[in-house]
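# Next input, structure requested:
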Amino acid sequence: FGHINVVIDQMMASTLSAGSIAALHYATRLHSIATQLFIIVVSKAVLPFFSQQVATKDFEALKETYYLTIKRMLCVLVPLSVGIIFLGKPLVQFVFQRGAFSTHSTAATAGAWIAYTIGLPVQAIGILAAKIYNVLQKNTILMYVAGASIGLNIFFNWTFMKIWGHIGIALSTSGVYFVTTGVLFYIL
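The predicted model follows:
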């Protein structure tokens, strides 16, 4: 379902000004670097511990491992997010701005990247929660929450893009992370 939201974002961005889809694409690629390096790697590393704790029915240790992992990830992701918020534009300029990638392209991409980054720490908590649902074999809950995220994404996109254009679509993604992570955490 998460990949469907990316397609929906691109379809909705196609109704905006020229360059909106490209800016979202570049911002998504930059955002995925942090996601892959910090969130996915850690969540895969901690999965065997989650599995062992569920297998031995040591739910107190599972809870402790989950919270400890969140704390450690947030120690990295919050400063990283703050850094991207303040240095996103110069970083995009350094990496991409040359040739047809103008100052306008830099501003558009950096704005979207910053909007995605607002949800980065919450995304980490949600991905870790999803791993716990996996080991508890409660994947139907993940399916329902992910399915509902599609409708929520469309609503947030429609609302936010009227105000902030393509940056609103990126901000919508962060908003969806906040809501879905909150729901997963509450149910868990």
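# And the one helix or strand in the chain whose mean pLDDT sits lowest, what does it pack against?
Counting by mean pLDDT, DSSP states H and E, the weakest-scoring helix or strand in the chain turns out to be helix 2-13, with a mean of 91. In terms of contacts (3 or more C-beta pairs under 8 Å, 6 or more residues apart in numbering; DSSP states H and E), helix 2-13 is packed against helix 20-34, helix 139-164, helix 166-187. The way it works is simple: take the backbone N, C-alpha and C, and place the C-beta from them, glycine included.
# and the angle from the shortest one to helix 139-164?
This points to helix 20-34. Helix 20-34 runs at 130 degrees relative to helix 139-164, counting by axes from the mean of the first three to the mean of the last three C-alpha atoms, to 10 degrees.
# mind listing what's buried in helix 20-34?
Neighbour-count burial for helix 20-34, with 16 or more other C-beta atoms under 10 Å as criterion, is recorded at 20-28, 30-31, 34.
# returning to that earlier point: and among the helices and strands packed on helix 2-13, the most buried is which?
Among these, helix 166-187 has the highest mean neighbour count (mean count of other C-beta atoms under 10 Å), at a mean of 21.
# Quick one: mean pLDDT for that one?
Averaged across helix 166-187, pLDDT comes to 97.
# Off-centre distance for it?
Helix 166-187 sits 8 Å away from the centroid of its parent chain (C-alpha atoms, centre = their mean, to the nearest Å).
# Residue 80: what's it in contact with?
34, 38, 120 (C-beta atoms under 8 Å, 6 or more residues apart in numbering).
# Find the residue closest to residue 19 in space, skipping its chain neighbours.
Counting by C-beta to C-beta, 6 or more residues apart in numbering, residue 19 lies nearest to residue 108, which is 5.9 Å off, once chain neighbours are set aside.
# which element is the one you found on?
According to DSSP states H and E, residue 108 maps onto helix 103-118.
# quick one, that helix and helix 20-34 angle?
Orientation check (the same axes, to 10 degrees): helix 103-118 against helix 20-34 gives 50 degrees.
# What helices and strands are in contact with helix 103-118?
Identification of packing neighbours for helix 103-118 by 3+ C-beta pairs under 8 Å, 6+ apart yields helix 20-34, helix 59-96, helix 166-187.
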